[in-house]
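In: After the sequence you'll find the predicted model.
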Amino acid sequence: MAVPFAPVEVVERTRRGDPVDAASVEEFVRRWIDGTSDDALMSAWCMLACTRGLPEGHADALMRELVASGDRLELGRFGPTGDVVTTGAVGDGVPLAAAPLAAALGVRVAQMASRGLGHAGGTADKLEAIPGMEVDLELDRWVRQLRDEGIAVAAHHGRLAPADLRLSGLRDATGTVPAPGLVAASAMARALASGAEALHLEVPYGSGAFVPDREAGLATAALMERMAAPWGRAVTWDLLDADAPLGRMVGNALEVAEAGEVLRGAGPDDLRAAAVRAAGRLAESAGTVPAGEGEARAGAALADGSALARAERWVEVQGGDPAVWTDEGALPSAPERVDVPAPRAGAVAGIDGRGVGEVVRWLGAGRLHPHQSIDPVVGIEVLVRPGDVVEEGQPMAVVHARDAWAAAEATRMAEPWFRIGDGGGDA
């Protein structure tokens, strides 16, 4: 058996484009986990993953070591279990609505949710915007809640794939989040360690996501499906165009409110359709509804109120106010709201999701340094979609901010990310 390359050799050879075998990548990750290699080399390797991509087999090797760094659950004894796994995007509130919707279809939804990374928010941070909501659950409580209530969504627990928590923090602090191979390895390590039997993979692509385009989205979904195969997981997946923000809301409390609209059968068409597909396909793969009927059953669960009832019970069990799904006043709100006006008349040629996400992160909805507290109320409400025709001065978005200075600065920062073309919509 060949001797694995030393950690610095892995970085050097990857930089040059020379072959590095999977065993050397596994040893590289193990030595970083046990402390015999340091964050500097891991940061350099992550930067190479962002700029050059990961060679075939390297993301798989990383995922295996992340899973092996902690405990691993198998939840099948509780019945059909499932998880909605997202690779992340600006305004991605799909898991907030899809989780209780899948639970209403008989799936026991078991999810260890991530914190926000880079320009995209995280489900755990969004749930913490709900007054009283507990997301840092002890593992035994999370499992009991899954057994007793049929849905348990909590922040990623340090006993499951703890090295992924450490790696996610390192990537966030070093600006090395948007690498499809790293994103896939991280998301799958968390999902596989958590133990749900069926997985629905949501892979957004485009400016507002960590996956750059549709072709890369297809490759990432296939990679994640391949990662799950040795674990015997039933996998479905969906690609989402995230060049512009998904839905209308970007920000933690704002996205909870929008998920509430979806659970009431309304909300933006793209977000509602994605949540229905995710829940329906998860229910089919978990075996709680017949093949081909998932989306219709999910739509019915929105219409008859059963999904909303599951969402209310879920939040109540975790200490939150269940009224957040139906009462706009139950969520905290920003003191300042300022319009982003159209600089001229024309058609909206595009909305840059990454740019909007970075403005929202700057407002405080995300982290610009590792110890930053999350502000639940700030964000941007998008009022237009690509193709819409606007008049000069017409509001294109609303900035939600803590104070007038931040609102004015964010408005100035946000305006260039809304591209206005001529009447036909060309830039």
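Out: Yep, it's here.
In: where along the stretch 301-427 of the chain do the strands fall?
Out: For the stretch 301-427 of the chain, strands defined by DSSP state E, counting those that start in this stretch occupy the ranges 336-341, 346-351, 379-382, 389-390, 395-401, 418-420.
In: which of the ones you listed sits most buried?
Out: strand 379-382 (a mean of 26; mean count of other Cβ atoms under 10 Å). Just so you know, the C-beta spots here come from the backbone N, C-alpha and C atoms, and that holds for glycine as well.
In: Give me the distance from it to the chain's centre.
Out: Offset of strand 379-382 from its chain centre (Cα atoms, centre = their mean, to the nearest Å): 17 Å.
In: so what does it touch, helix or strand wise?
Out: When contacts are defined as 3 or more Cβ pairs under 8 Å, 6 or more residues apart in numbering; DSSP states H and E, strand 379-382 sits against strand 249-250, helix 252-263, helix 353-360, strand 395-401.
In: and with 6 Å instead?
Out: strand 249-250, helix 353-360, strand 395-401 (3 or more Cβ pairs under 6 Å, 6 or more residues apart in numbering; DSSP states H and E).
In: Tabulate these (a markdown table), appending mean pLDDT and distance to Asp241.
Out: As requested, these are exported to a markdown table (pLDDT from 0 to 100; distance: least, Cβ to Cβ, whole Å):
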| stretch | mean pLDDT | distance to Asp241 |
| --- | --- | --- |
| strand 249-250 | 98 | 16 |
| helix 353-360 | 97 | 10 |
| strand 395-401 | 98 | 19 |
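In: out of the strands of the stretch 301-427 of the chain, nearest to Ala155?
Out: For these, the distance to Ala155 is smallest for strand 379-382, at 19.9 Å, taking Cβ to Cβ.
In: who does the closest one pair up with?
Out: strand 249-250 (antiparallel), strand 395-401 (antiparallel) (DSSP bridges).
In: can you redo those strands as a markdown table with distance to Ala257?
Out: Below are the strands paired with strand 379-382 laid out as a markdown table (distance: least, Cβ to Cβ, whole Å):
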| stretch | distance to Ala257 |
| --- | --- |
| strand 249-250 | 7 |
| strand 395-401 | 11 |
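In: between the ones you listed, which one is nearest to Val360?
Out: strand 249-250 (4.9 Å).
In: List of residues touching that closest one?
Out: Here strand 249-250 makes contact (Cβ atoms under 6 Å, 6 or more residues apart in numbering) with 90-91, 255, 258, 356, 360, 379-381.
In: thinking again about what came up before, nearest to Leu66, of the strands paired with strand 379-382?
Out: Once those are compared by Cβ to Cβ, strand 249-250 is nearest, at 28.6 Å.
In: gap between that closest one and the chain center?
Out: 13 Å.
In: Could you number the chain from 30 rather than 1 from now on?
Out: Renumbered: residue one is now 30, and that last one reads strand 278-279.
In: so which of the strands paired with strand 408-411 comes closest to Glu41?
Out: strand 278-279 (39.8 Å).
In: surely Trp61 meets Ala69?
Out: No. In this structure, Trp61 is not within contact of Ala69 by Cβ atoms under 6 Å, at 10.1 Å.
In: More neighbours: those two, which one.
Out: Shown here are Trp61 and Ala69; by other Cβ atoms under 10 Å, Trp61 has more neighbours (21 against 12).
In: What lies in contact with the helix or strand harbouring that one?
Out: For Trp61, the element it lies in under DSSP states H and E is helix 51-63. If you take Cβ under 6 Å, 6+ apart as the criterion, helix 51-63 is touched by 33-34, 36, 39, 66, 71, 86-87, 90-91, 94, 98, 192.
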